[in-house]
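**Q** Only the shape, not the letters, is given here:
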């Protein structure tokens, strides 16, 4: 999960978090992060399979912002830039 400059949250699938984050920062990632500049990685999680990871990504993208913020708070993660 990435924190973007406009305080929005972005979630996606990758096998290499650091490399994917660098791609997003360089403006070569997803369309969303080209417009909403990513600032930092807030959270990442490993999964047993690609299927499980993609399912989690889908679930994340279908949650409200409120639920995402609640999750971050439960994990003790700060949204500060």
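**A** Great, that's in hand. From a predicted model like this one, the values you see are computed outputs, not experimental measurements. Numbers count the residues shown, from 1 in each chain.
**Q** Just the strands from the protein, written as ranges.
**A** 2-4, 9-10, 38-41 (DSSP state E).
**Q** for those strands, which one sits closest to residue 31?
**A** strand 9-10 (10.7 Å; CB to CB). C-beta here means a position set from N, CA and C on the backbone, and glycine is covered the same way.
**Q** Neighbouring strands - and their directions - for the closest one?
**A** The strands that strand 9-10 pairs with in its sheet are strand 2-4 (antiparallel) (by DSSP bridges).
**Q** For residue 13, give me phi and psi.
**A** phi -100, psi 140 (degrees, to the nearest 10).
**Q** Quick check: the gap between it and residue 5.
**A** 22 Å (CB to CB, to the nearest Å).
**Q** which residues in this protein form helices?
**A** 17-25, 31-35, 50-61, 65-74 (DSSP state H).
**Q** Any idea which of those helices gets closest to residue 42?
**A** Once those are compared by CB to CB, helix 65-74 is nearest, at 6.4 Å.
**Q** what about that closest one, average pLDDT?
**A** Averaging pLDDT along helix 65-74 yields 95.
**Q** could you check the angle helix 50-61 makes with that helix?
**A** In terms of direction (axes from the mean of the first three to the mean of the last three CA atoms, to 10 degrees), helix 65-74 departs from helix 50-61 by 110 degrees.
**Q** packing partners for helix 65-74?
**A** Where contact means 3 or more CB pairs under 8 Å, 6 or more residues apart in numbering; DSSP states H and E, helix 65-74 is not packed against any helix or strand.
**Q** got a list of contacts for it?
**A** 1, 9, 42-43, 60, 63, 79 (CB atoms under 8 Å, 6 or more residues apart in numbering).
**Q** circling back to that earlier point, okay, the strands of the chain in TSV with mean neighbour count, distance to residue 31 and mean pLDDT next?
**A** Below are those laid out as TSV (neighbours: other CB atoms under 10 Å; distance: least, CB to CB, whole Å; pLDDT from 0 to 100):
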stretch	mean neighbour count	distance to residue 31	mean pLDDT
strand 2-4	22	13	97
strand 9-10	19	11	96
strand 38-41	16	13	96
